[in-house]
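Colleague: What follows is a predicted structure for the sequence shown.
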Amino acid sequence: MNITRGTLTHNRNAPATDAADTYLVSLLQESGLYNKNISVLIVNERYGGVVLKLPPEANVTLVQQFYTEQAGLAHNAANNGVEVSWKAMTEAYFLMQGVGQEVDVVLWRIPRNKELVHAQADCISRHCHGETLVYGASMIKYTLPDFRELIKAYFGHIRTLAMRHKALAFEMALPKMRGELPDYSGTLNSHGMGFLCTFPGVFSRNAIDLGTKELLRRIRINRAHNSVADVGCGYGAIARYLYQQRPDVKYTLVDNHFLSVECAKRNVLFENVRVEAGDFLEETNTSFDTIVCNVPFHDGHLLDRSVAKRCLQSVFSHATPNGEVWLVANAGNTLKKYFPSSLRSAHKVTVGKYEIWHLRM
Ligand SMILES: C[S@@+](CC[C@H](N)C(=O)[O-])C[C@H]1O[C@@H](n2cnc3c(N)ncnc32)[C@H](O)[C@@H]1O
């Protein structure tokens, strides 16, 4: 059976589909349920590699981790005229509210983060009835070596399937009976900012990142400035700190990761603060007096240096003419090559393995 519906493309570097996506779709086909009127839960869908290959009659619920993946998927669906309809929910919503019903099949792109594997396995097992088929897959180089051990608490039966094209898959059955959906969030004591809410899978969830701390030690918002953007805000530590210094300015926080956005919403809960999911500042036409960023070098969980370039392009194109930009990154990551030549000043401090930049536009 031909399962390809047109070519999946999207406008960024990562491929729209990979061998693990293909493996999941073929497992569903081999199960004999592919063309049946079934309910399917797809957890951690990326750019459409799984959902766009399901038949139109499937009743699909889709859980996504990242804003850019959701946008990429919509782009792919439109490009391919796909008929499958799906109910999309963010990973944050999934872990907090669940799907609200049991499903016939779960197709799970297994994440690399152990805590997240636990939380997702738990949440998935709550959506299974005795006959639910659960397939998990990941690319071998990103598969957690102790995956089976990790999810033993949630399923009575786990089988490793043969490897296909650098992807590995697991079949899980017999979900263990469980009670109410728990609260997977945690807190960290930020020493001076009180407790901050975090979630499995958010950046530096157990303690404020050392680079972030070094940035906060130095950063000052110019007295004449009225608007601040915290780009790649994570759980909102930077804005929460700055708010203590300047509660009078307007803050805009943005992150690609839905769980981070959810945490930041809880941590920086003030009237003059907006927290949004987005691809850097690309969704806004506003310019900001001060822009702060602990620069990301990952696309999702994968190292991708072009992310920093896109991030800085977005930052510089959204600074006001007399604006200031504060950046932190690991030293040696050469942010400088992405700076515009028109800067009024660029001041760098290197502390340990971090460099902190203060730039005037
Ligand atoms: C190095 S972490 C910094 C997090 C937070 N500011 C802190 O200091 O704890 C970088 C953040 O950028 C986010 N990020 C990565 N790509 C992004 C994109 N395209 N748009 C917005 N945020 C992105 C990541 O999800 C992550 O939360």
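Modeller: Received it, and whenever you're ready, just let me know what you need.
Colleague: make it CA atoms for all contacts and neighbour counts henceforth
Modeller: Will do.
Colleague: a strand runs through Val349, doesn't it?
Modeller: Yes: residue state for Val349 (DSSP: H, G, I helix; E, B strand; the rest coil) corresponds to a strand.
Colleague: I'd like the numbering to begin with 26 instead of 1 from here.
Modeller: All set: I'll call the first residue 26, so the last point we hit is now Val374.
Colleague: Does it touch Trp382 like I think?
Modeller: Yes: between Val374 and Trp382 there is a contact at 6.6 Å, judged by Cα atoms under 8 Å.
Colleague: Those two - which one has more neighbours?
Modeller: Trp382 (23 against 15; other Cα atoms under 10 Å).
Colleague: list the contacts for that one?
Modeller: 350-353, 371-374 (Cα atoms under 8 Å, 6 or more residues apart in numbering).
Colleague: hmm, try it at 7 Å
Modeller: Counting by Cα atoms under 7 Å, 6 or more residues apart in numbering, Trp382 makes contact with 351-353, 371-374.
Colleague: Could you give me the PyMOL syntax to select whichever of these are buried?
Modeller: Applying 16 or more other Cα atoms under 10 Å to these, the buried members can be selected in PyMOL as follows:
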select buried, resi 351+352+353
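Colleague: Tell me the one among the contacts of Trp382 nearest to Gln338.
Modeller: Leu352 (12.9 Å; Cα to Cα).
Colleague: Settle this for me: that closest one is touching Thr315, isn't it.
Modeller: No: taking contacts as Cα atoms under 7 Å, Leu352 lies outside contact range of Thr315: 10.9 Å.
Colleague: Tell me how many other residues surround Ala99.
Modeller: When neighbours are defined as other Cα under 10 Å, Ala99 has 15 of them.
Colleague: and it, that's in a helix?
Modeller: Yes: counting by three-state DSSP, Ala99 is part of a helix.
Colleague: Can you classify Asn247 by secondary structure?
Modeller: Here Asn247 is coil, with the state taken from three-state DSSP.
Colleague: what's the weakest-modelled helix or strand in this protein?
Modeller: strand 327-328 (a mean of 70; mean pLDDT, DSSP states H and E).
Colleague: does the next helix or strand after it come close to the ligand?
Modeller: In the C-terminal direction, the helix or strand that comes right after strand 327-328 (DSSP states H and E) is helix 331-341. No: for helix 331-341, no contact with the ligand is found by Cα under 6 Å from any ligand atom; the gap never falls below 6.6 Å.
Colleague: contacting residues around helix 331-341?
Modeller: 305-307, 316, 320-324, 363.
Colleague: ok, which pair from those is furthest apart?
Modeller: Ile316 and Asp324 (20.9 Å).
Colleague: Now Asn251. Nearest residue, chain neighbours left out?
Modeller: Closest residue in space to Asn251, ignoring its immediate chain neighbours: Val274 at 4.7 Å, by Cα to Cα, 6 or more residues apart in numbering.
Colleague: and the one you found, backbone torsions?
Modeller: Backbone torsions for Val274, taken as degrees, to the nearest 10, come to phi -90, psi 170.
Colleague: re earlier: can you add distance to the ligand and pLDDT and give the contacts of Trp382 back as a markdown table?
Modeller: Formatted as a markdown table, these follow (distance: Cα to the nearest ligand atom, whole Å; pLDDT from 0 to 100):
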| residue | distance to the ligand | pLDDT |
| --- | --- | --- |
| Trp351 | 12 | 98 |
| Leu352 | 10 | 98 |
| Val353 | 9 | 97 |
| Ala371 | 21 | 97 |
| His372 | 20 | 96 |
| Lys373 | 18 | 95 |
| Val374 | 17 | 95 |
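Colleague: and the ligand, which of the contacts of helix 331-341 reach it?
Modeller: Subset of those in contact with the ligand: 305, 320-321, 324, counting by Cα under 6 Å from any ligand atom.
Colleague: Could you export those to JSON lines, including columns for secondary structure?
Modeller: Shown next, in JSON lines, are these (three-state DSSP):
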{"residue": "Phe305", "secondary structure": "coil"}
{"residue": "Val320", "secondary structure": "coil"}
{"residue": "Pro321", "secondary structure": "coil"}
{"residue": "Asp324", "secondary structure": "strand"}
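Colleague: Neighbour-wise, which one of those residues leads?
Modeller: Counting neighbours by other Cα under 10 Å, the top entry in those is Phe305, with 24 neighbours.
Colleague: how close does the closest residue to Gln126 other than its chain neighbours get to Gln95?
Modeller: The shortest distance from Gln126 to any residue other than its chain neighbours is 6.2 Å, reached at His152 (Cα to Cα, 6+ apart). Taking Cα to Cα, to the nearest Å as the measure, His152 falls 23 Å from Gln95.
Colleague: what does His372 give?
Modeller: 37 Å.
Colleague: With Asn138 instead?
Modeller: 20 Å.
Colleague: Those two - which one has more neighbours?
Modeller: Applying other Cα under 10 Å to Asn138 and Gln95 shows that Gln95 carries more neighbours, namely 22 against 15.
Colleague: dump the residue contacts of the more buried one.
Modeller: Going by Cα under 7 Å, 6+ apart, Gln95 touches 72, 89.
Colleague: Now for His323, how many residues are close by?
Modeller: 13.
Colleague: So it sits against Asp329, correct?
Modeller: Yes: the criterion here is Cα under 7 Å, and His323 meets it with Asp329 at 5.0 Å.
Colleague: Get me the contact residues on the stretch 226-375 of the chain for the ligand.
Modeller: Residues of the stretch 226-375 of the chain lying near the ligand by Cα under 6 Å from any ligand atom: 228, 234, 237, 257-259, 262, 279-282, 303-305, 319-321, 324.
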